[in-house]
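Novice: A predicted structure for the sequence below; I have some questions about it.
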Amino acid sequence: MAHFCLLCGSQLEKKEIEERMREYCPVCGWIHYENPKLSAGCRIEQAGKLLLVQRMNPPFQASWHFPSGYAEVDETPAQTAERETREECGLIVKTEGLAGAYFYDDDFRGNGVVLIYRCRIVGGNLQSSSETMDVRYFAPDELATLPLAGIGAADSIADWLAEQKHV
């Protein structure tokens with residue numbers, strides 16, 4: 001696959017830069033830095049239970065995670081979390097602080113970081129969407145057998161479970 005410079009359009013070449021193989025432009029010197037994807041989601045609790053959505057589409061089809069998705073270029077991560085929650089499960093939420101940041105490297109679309117926010121429901125109706133097969137609240141003892149949507153889901157849910165033991 002040929003890659004081209006975003007500044008001058010020349011074909012990129014590879015060489016070691018800063019101790020990594022990187023694509024760079026031999027004409028203008030521009031360097032392509034491959035960065036992780038940023039996604040964000042909401043952690044919603046109700047009566048000691050955790051809201052999760054079951055993914056409709058690959059990757060991780062039929063697996064469970066917090067309502068979450070990729071950040072758009074013109075929104076903050078908190079806005080991403082609120083938008084994705086509305087899109088995936090019909091709830092209108094307000095973020096109330098960062099619950100955690102989780103790296104993942106098990107998604108074929110690329111490595112990334114998901115920011116999970118504590119959220120409060122301010123409206124909407126809980127329902128599945130074109131992106132979700134199911135939406136449900138789970139008690140802590142129900143989570144152990146669920147198929148989870150990758151490392152980010154597993155780590156963020158493990159942190160929530162650890163917090164429940166200290167409450």
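Specialist: Cool, the structure landed. Not measured: the values here are computed from a predicted model.
Novice: longest single helix anywhere in this protein?
Specialist: Ranked by residue count and defined by DSSP state H, the top helix of the chain is helix 150-165.
Novice: can you give me the offset of that one from its chain's centre?
Specialist: Put simply, helix 150-165 sits 14 Å off its chain's centre (CA atoms, centre = their mean, to the nearest Å).
Novice: burial measure for residue 43, as a count.
Specialist: Counted with other CB atoms under 10 Å, residues neighbouring residue 43 total 27. Bear in mind the C-beta positions are built from the backbone N, C-alpha and C, glycine included.
Novice: Surely it and residue 159 touch.
Specialist: No. The criterion here is CB atoms under 8 Å, and residue 43 misses it with residue 159 at 9.2 Å.
Novice: Need the overlap of contacts for these two.
Specialist: Common contacts of residue 43 and residue 159, defined by CB atoms under 8 Å, 6 or more residues apart in numbering, comprise residue 99.
Novice: Which stretches in this protein count as helices?
Specialist: Counting by DSSP H, the helices of the chain are 77-89, 150-165.
Novice: most tightly surrounded among those helices?
Specialist: Mean neighbour count, computed with mean count of other CB atoms under 10 Å, is highest for helix 77-89 among these, reaching a mean of 22.
Novice: got the CA coordinates for that helix in PDB?
Specialist: The C-alpha coordinates for helix 77-89 follow below in PDB (Å, rounded to 0.1, in the frame of the first residue of the first chain):
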ATOM      1  CA  PRO A  77     -13.900  13.000  25.200                       C
ATOM      2  CA  ALA A  78     -16.800  13.800  27.700                       C
ATOM      3  CA  GLN A  79     -19.000  14.800  24.800                       C
ATOM      4  CA  THR A  80     -18.000  11.600  23.000                       C
ATOM      5  CA  ALA A  81     -19.100   9.600  26.000                       C
ATOM      6  CA  GLU A  82     -22.400  11.400  26.200                       C
ATOM      7  CA  ARG A  83     -23.100  11.100  22.500                       C
ATOM      8  CA  GLU A  84     -22.200   7.400  22.300                       C
ATOM      9  CA  THR A  85     -24.400   6.600  25.300                       C
ATOM     10  CA  ARG A  86     -27.400   8.300  23.600                       C
ATOM     11  CA  GLU A  87     -26.700   6.500  20.300                       C
ATOM     12  CA  GLU A  88     -26.200   3.100  21.800                       C
ATOM     13  CA  CYS A  89     -28.800   2.900  24.600                       C
END
